[in-house]
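**Q** got a sequence here, can you model it:
(2 chains)
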2 protein chains.
Amino acid sequence: MTKLSTVDPNASVLNPQRFIQRERENCSIDIDQVNTFLESDPRSRDLTHLIVDQLVNDPIIKADSATYDQTKLTQREVTVKKIARMALYMEQDIKTVRKHFRDTDLLKSLQDFGDTTTPPLTNKDLAIFDKRLSLVANMDPQLSTRIGVHLGLFGNCIKGNGTDEQIKYWLQTRGAILIKGIYGCFAMTELGHGSNVAQLQTTATYDQESDTFIINTPDLAATKWWIGGAAHSATHTACYARLLVNGKDYGVKTFVVPLRDPSSLQLMPGIAIGDIGAKMGRDGIDNGWIQFRNVVIPREFMLSRFTKVHRNPGATPTVEVDPQLDQISGYSALLSGRVNMVMDSFRFGSKFATIATRYAVGRQQFADKPGQPEKQLIDYPLHQYRVLPQIVIPYIISPAAFSLLNFYYSTLDELYAASSKNDKRALVVVSQKLKNLFIDSASLKATNTWLVAQLIDELRQTCGGHGYSGYNAFGKGYNDWVVQCTWEGDNNILSLTSAKSILKKFVDSATKGKYNKELDKRSFRYLDPQFIRKVFTSSSENKLDDLYDYTNIWAVALLKLLRHIAKQVDSTKDLDGASKLLVLVSKFHALYVMLNTYYEKLNSPTDSYVTCPKTKEQLWNVYKLFSLYFIDKHAGEFQQFKILSPDQISQVVQPRLLKLLPEIRKECISLTDSFKWPDGMLNAPIGYYDGDIYHNYFNEVVKNNPVEKDGAGIPPYHELLANMLTRGDEFARLGGANNAEILSKLTK
Amino acid sequence: MTKLSTVDPNASVLNPQRFIQRERENCSIDIDQVNTFLESDPRSRDLTHLIVDQLVNDPIIKADSATYDQTKLTQREVTVKKIARMALYMEQDIKTVRKHFRDTDLLKSLQDFGDTTTPPLTNKDLAIFDKRLSLVANMDPQLSTRIGVHLGLFGNCIKGNGTDEQIKYWLQTRGAILIKGIYGCFAMTELGHGSNVAQLQTTATYDQESDTFIINTPDLAATKWWIGGAAHSATHTACYARLLVNGKDYGVKTFVVPLRDPSSLQLMPGIAIGDIGAKMGRDGIDNGWIQFRNVVIPREFMLSRFTKVHRNPGATPTVEVDPQLDQISGYSALLSGRVNMVMDSFRFGSKFATIATRYAVGRQQFADKPGQPEKQLIDYPLHQYRVLPQIVIPYIISPAAFSLLNFYYSTLDELYAASSKNDKRALVVVSQKLKNLFIDSASLKATNTWLVAQLIDELRQTCGGHGYSGYNAFGKGYNDWVVQCTWEGDNNILSLTSAKSILKKFVDSATKGKYNKELDKRSFRYLDPQFIRKVFTSSSENKLDDLYDYTNIWAVALLKLLRHIAKQVDSTKDLDGASKLLVLVSKFHALYVMLNTYYEKLNSPTDSYVTCPKTKEQLWNVYKLFSLYFIDKHAGEFQQFKILSPDQISQVVQPRLLKLLPEIRKECISLTDSFKWPDGMLNAPIGYYDGDIYHNYFNEVVKNNPVEKDGAGIPPYHELLANMLTRGDEFARLGGANNAEILSKLTK
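**A** Below you'll find the predicted structure:
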């Protein structure tokens, strides 16, 4: 309701909330079971609810429609207030994991460099906070990024490249991991180089005499660019620079370089920093540029787990590099971001699916016949086709996102364990797992950040003009989101590199029978030589009879696509010429992995947590709709590569797709209620739970647009308008000097 | 160059400008001829150049990178300054058309209600200004919209629905058409109703005694919503309200309602207005909401060309409606906007094509082999596939955009002539033309605004992080653009309605041979019964041998798609169930019309203005690439509806597409230089003409981000950061009350 409402609301012609209530009354699925399925398991679900409840009610962190009107500077300031708040939660979260709240000061012990009895922090200690950060990303992506640059990029760069002592020093003793003492940024990208990290131009020249590195920006294009946190907040950076020792270039390594005094934020000598300024979105992040002019750091500030510079006083300094692991270290800082972006895709997509579905159910427009009540948007077949597949996308992402996150943590734990012990054999296995993790994270990151960008865009359009309003979250949501398609690995480049690896695996398996059953069963079962043989020798039609067929057909599609590419490359010797198809391989791989993971989870007697038969049936409908929707989207390739015939597209795929839509439509409110997002998480009045669309929306608009100071409806610049409208006749303005009488005198 | 550049620019590793220079040196097409082709003809081209030159150099109107950092309020204020400037150009432009600059005050005579000797203003008088407005839209869409709402919506609503006297009074005498005296807005959309205009709820109740209408907002959902100009600037509105006379509802009609005093901007009694506030884009437009509470206007303020209320003193008032023309009047105000959006699509798309192409040529990343110079982005096949089809899209839009604009003006002239003379026979012909115009404008508006939205998005991604920067135009460009997919007819609804009309025409032609050769030859030649018969009886393969085949195949595709839909609807009796395919019909129709118009223009000995054979050949390559690109995009339907076989897709379409890309790549700089946009139009440093990407971009960033007031790199909120980082130990913060000694005392 609204105090500005003009009449009795019960008499309203439009009463959207009653439609949404009706859907809830008629719902036949178990929302709690679905939510548990989506949140992976009961423990994970409970933790999600606890954190979400804390965040949306936290007086500093909670989301507000005022955000949509804030200037860049205000957003940045508000974000820092929120970071300071998150830092307190961090302390709390670590103590919660360790169940250590009393007697001694756990955090102080962790910071004590000399303390040897307190176990150092591990991923497990950060599990609650990592989840908190992932969930706050769903409320305020710029907040989570600004913290993520510090913890995830700066922190992981140190974790991945530093010695145990460096890790302890920078992250614990200096306080970085507690968001305290120092604040880090990640100076990788330069103005002239993004994806091609190996060609970065910043230099770190070793000076034997002073036993220091001198960091320099040799050229404008070598200016560190886009560096989140650099413009305003970072006191230190993990700087990617070419290691130059005795005139030899050892390639790009990582160095910790102080930028600012943490107590005054004053810049260090030789550091030039500027603000990157306006961006498409994420204004709350203080992206900046950095130039280094003879900036001196101690030798020990180079992160040197895999590369060490030995001073050798009196002799020539030497460089010791572990080539295998040094390579891995390049990946590790960015991996975490990619893995998290898959989870973000699930959560961010689900938010907009909720908003648009509630609007589609509450909004009416046009009647079938004059005099009838207007129809709800969701009852139009076209609207169903536009909205419902977008609802199922986050459903299918979820199990793969959780699975990838677990795979990431377990692999990283193995890596740290093996590399601390210098266990070469274990390292070989881990590095293979890392390669698979790289493929999956790249393909899933690229595919899903694209899917969600399209989802937000398509769903915004289904909300018509109200979707274009700043207060309904789509605009800022889209602008904040789409950078995910570019940063931490451009989607096209990630797609290409993962697809090239898949193609190599395919050729190895198809021609040499090379296939690692143990490692590849996670995501590459379609590359099993037996399966390949079966697909290529079978003459029978591909069908969609059994539930698993909806996954399997993507495995078949992948193989046929891969074979086509392999043949083409074999004859043209031009791998780049197949790029367009390779991007498709990465996408098909992601769709296959997601369907497969979803299938296995829902089918599992222990992991699905869905016991209600009606609920399970709907979740299978979700699965089928996802597969059919994308088969139809890719009908071109499915026919071209003879995976399905034109008749199968016309008689099986499309009719089934159209038949499923009304089934999913019946539960569209419960399927989106199942995400369990409070209004404070959605921050979009046309999508609030009660469905009182018009009052909620009107209220937010009025709240954020107070009456003008010169009087209601009179803009501060009203004189400009009045002067224009009352500007009088042009002849008079020109002093009448154009009139015939005067003109005639001028040439007399 | 930049004063902040750190070293000798000639020593730069990256020197993008030399690549762009090299392209220009090797260019083999005649840019002037291409530009004439794109700008329709030499006269039109010269006028474009003259106006562009004026606008980009006008001290008030010129674009500046500062725009990207302006707040909403500043943007609105700056926009009004520009409007006031445009108003002066308007006076000048009218005098230029009439060649009347001296002796008597032309504008004053036009405003004089009693003057009968000065001919009233016609479309021809506004031709220069209309072009100016279209071109300024390309620099600053919010400026053109804010004027367009006044002239195009308010003005056209009066022109389309008012009597000759009302038109003269409001547009000339009151000064509206000179952007003077009054400022109009267009109060159609309500909070609860957008597309369904017939169900708008605002009421205009006739009061016989006072001979007035009383305008009321009966309900919150009837609040006029999204009204451009309402929040700050409009003094009058063209209000869509239900005409109620003697308790009878005559449906939605239009009324001029004063909102504000033009000299003080004070709101009229009974008018409640508020700001709509934050939007995804176009912050410079003051969209507002309006509620009417017993607002009284004279009966004569109803626009009454087609609907008249007679007072009949002493008897019951009567209402006289011309049903046929009253219907047309509903369309007319929105038609102009749709037609203009097709032109906008050409121009806006060409701007981003220019920026991204220059960047793709100048930017290098990765080398084929270690030690080699890095490769230019444009030389990667994937990059060519991503960028080059986007260049050709504005090429193919252009001829159709000009043709549609001419068709619009000629049809409207016929309509005004026929309706002024009340020539029933002429009106029948005009109303059929209007129907075709409605189909074409709807299908072309929807298809092209979507295409350009994708174009901006795709091209932004090809510029990587620099595309996400605010200063490179993509972000604001996209946010400003996408509303075109929603407003003045939602794209999905426009697609459906135009497709339903096309389906009806198809059925009429295919089953009854009904086809109007004269009227339908413009855009519907594929519906000629002879052609339909030929397509459906021929058993030969569709080929792409001759140039015209690239257009013709879309005619064939349309027919096969239409037949499929007709059969399906015939058996299901559910037209809505075919919506997904109907949207495709509208898109295919637009692609067909555009290819056809382009083909005819380029093929014409008189209209192409392209005499250089190499240039012509490249323009045919542009044409082929467009057709092939969209066939490949729609390979699913082309195979499903057996327009092309899977083998033709694999062996003809895709190889030709891939072969054309390197051909177009050779001329990519000249093809985009041919748009002839000065840097001031692009307003995106990575796309400036000289190709000095990094210096230009760096300069704009530094210019717009001055040093912080507390010292370089120290944000205004630095204490918040310092307090967080130096916050000390938690135990100490809590007064140490958690330590064992104290705790033990507490329960003693």
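
**Q** quick one, domains of chain A?
**A** Chain A breaks down into these domains under the TED database: A:184-327, A:491-687.

**Q** may I see these organised as CSV, with mean neighbour count added?
**A** Backbone N, C-alpha and C define where each C-beta goes, glycine included. Output for the domains of chain A, formatted as CSV (neighbours: other CB atoms under 10 Å in any protein chain shown):
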stretch, mean neighbour count
domain A:184-327, 20
domain A:491-687, 19
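
**Q** format the ones you listed as a markdown table; extra columns: distance to chain B and mean pLDDT.
**A** As requested, these are exported to a markdown table (distance: least, CB to the nearest CB, whole Å; pLDDT from 0 to 100):
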| stretch | distance to chain B | mean pLDDT |
| --- | --- | --- |
| domain A:184-327 | 3 | 95 |
| domain A:491-687 | 3 | 97 |
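
**Q** I'd like the mean pLDDT over stretch A:168-183, please.
**A** Averaged across stretch A:168-183, pLDDT comes to 97.

**Q** what's it in contact with?
**A** With contacts defined as CB atoms under 8 Å, 6 or more residues apart in numbering or on different chains, stretch A:168-183 is touched by A:83, A:86-87, A:90-91, A:94, A:107, A:110-113, A:120-121, A:126, A:147, A:150-151, A:154-155, A:158-159, A:162, A:184, A:229, A:233-236, A:256, A:262, B:721, B:724-727.

**Q** which ones among those residues map onto helices?
**A** When DSSP state H defines the helices, the subset of these inside them is A:83, A:86-87, A:90-91, A:94, A:107, A:110-111, A:147, A:158-159, B:721, B:724-725.

**Q** of those, closest to B:Leu619?
**A** The shortest distance between B:Leu619 and any of those, using CB to CB, involves A:Ile147 and amounts to 52.8 Å.

**Q** in contact with that closest one, which residues?
**A** Each residue near A:Ile147 by CB under 8 Å, 6+ apart is listed here: A:83, A:86, A:133, A:179.

**Q** likewise for A:Ile20?
**A** Going by CB under 8 Å, 6+ apart, the list of residues near A:Ile20 reads A:358, A:361-362, A:669, A:690-691.

**Q** in these, which residue is surrounded by the most others?
**A** Neighbours here mean other CB atoms under 10 Å in any protein chain shown. Within the contacts of A:Ile20, the largest count is held by A:Arg358, at 30 neighbours.

**Q** please state the offset of whatever helix or strand that one lives in from the chain centre?
**A** When elements are defined using DSSP states H and E, A:Arg358 is found to belong to helix A:323-362. From the chain centre to the centre of helix A:323-362 is a distance of 3 Å (CA atoms, centre = their mean, to the nearest Å).

**Q** after that helix, next one along is what?
**A** Using DSSP H and E, the helix or strand that follows helix A:323-362 in sequence is helix A:381-421.

**Q** can that following helix be said to contact chain B?
**A** Yes: among the residues of helix A:381-421, A:381-382, A:385-386 lie within reach of chain B under CB under 8 Å from any CB of the partner chain.

**Q** between all of the residues you listed, which two are separated the most?
**A** Using CB to CB, the pair of the residues of helix A:381-421 next to chain B lying farthest apart is A:Pro381 and A:Arg386, separated by 9.8 Å.

**Q** nearest to A:Gly577, of the contacts of A:Ile147?
**A** Of all these, the one with the least separation from A:Gly577 (CB to CB) is A:Leu133, at 41.8 Å.

**Q** the helix or strand where the closest one lies vs chain B: in contact?
**A** Taking DSSP H and E as the criterion, the element that holds A:Leu133 is helix A:127-139. No: Helix A:127-139 lies out of reach of chain B by CB under 8 Å from any CB, never closer than 14.8 Å.

**Q** quick one: mean pLDDT for that helix?
**A** Averaging pLDDT along helix A:127-139 gives 97.

**Q** okay, stretch A:620-637 in CSV with CA atoms only?
**A** Output of stretch A:620-637 as CSV, limited to C-alpha atoms (Å, rounded to 0.1, in the frame of the first residue of the first chain):
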residue,chain,number,x,y,z
TRP,A,620,12.7,-33.5,-14.1
ASN,A,621,10.6,-31.2,-16.2
VAL,A,622,13.0,-28.4,-15.4
TYR,A,623,15.8,-30.7,-16.6
LYS,A,624,14.0,-31.6,-19.8
LEU,A,625,13.1,-28.0,-20.6
PHE,A,626,16.7,-26.9,-20.3
SER,A,627,17.9,-29.6,-22.6
LEU,A,628,15.2,-29.0,-25.2
TYR,A,629,15.5,-25.3,-25.1
PHE,A,630,19.1,-25.4,-26.0
ILE,A,631,18.7,-28.2,-28.6
ASP,A,632,16.1,-25.9,-30.2
LYS,A,633,18.5,-22.9,-29.9
HIS,A,634,21.2,-25.0,-31.6
ALA,A,635,18.9,-26.8,-34.0
GLY,A,636,21.2,-25.5,-36.8
GLU,A,637,24.1,-27.6,-35.5
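
**Q** other SSEs contacting the helix or strand where A:Phe438 lies?
**A** Remark: A:Phe438 resides in helix A:424-462, with elements defined by DSSP H and E. With contacts defined as 3 or more CB pairs under 8 Å, 6 or more residues apart in numbering or on different chains; DSSP states H and E, helix A:424-462 has these neighbours: helix A:323-362, helix A:381-421, helix A:464-468, helix A:474-481, helix A:491-512, helix A:517-520, helix A:579-603.

**Q** what angle do the first one and helix A:491-512 make?
**A** Between the axis of helix A:323-362 and that of helix A:491-512 there is an angle of 120 degrees, by axes from the mean of the first three to the mean of the last three CA atoms, to 10 degrees.

**Q** got the buried residues for helix A:323-362?
**A** Of the residues in helix A:323-362, those scored as buried under the neighbour-count criterion (16 or more other CB atoms under 10 Å in any protein chain shown) are A:325-326, A:328-362.
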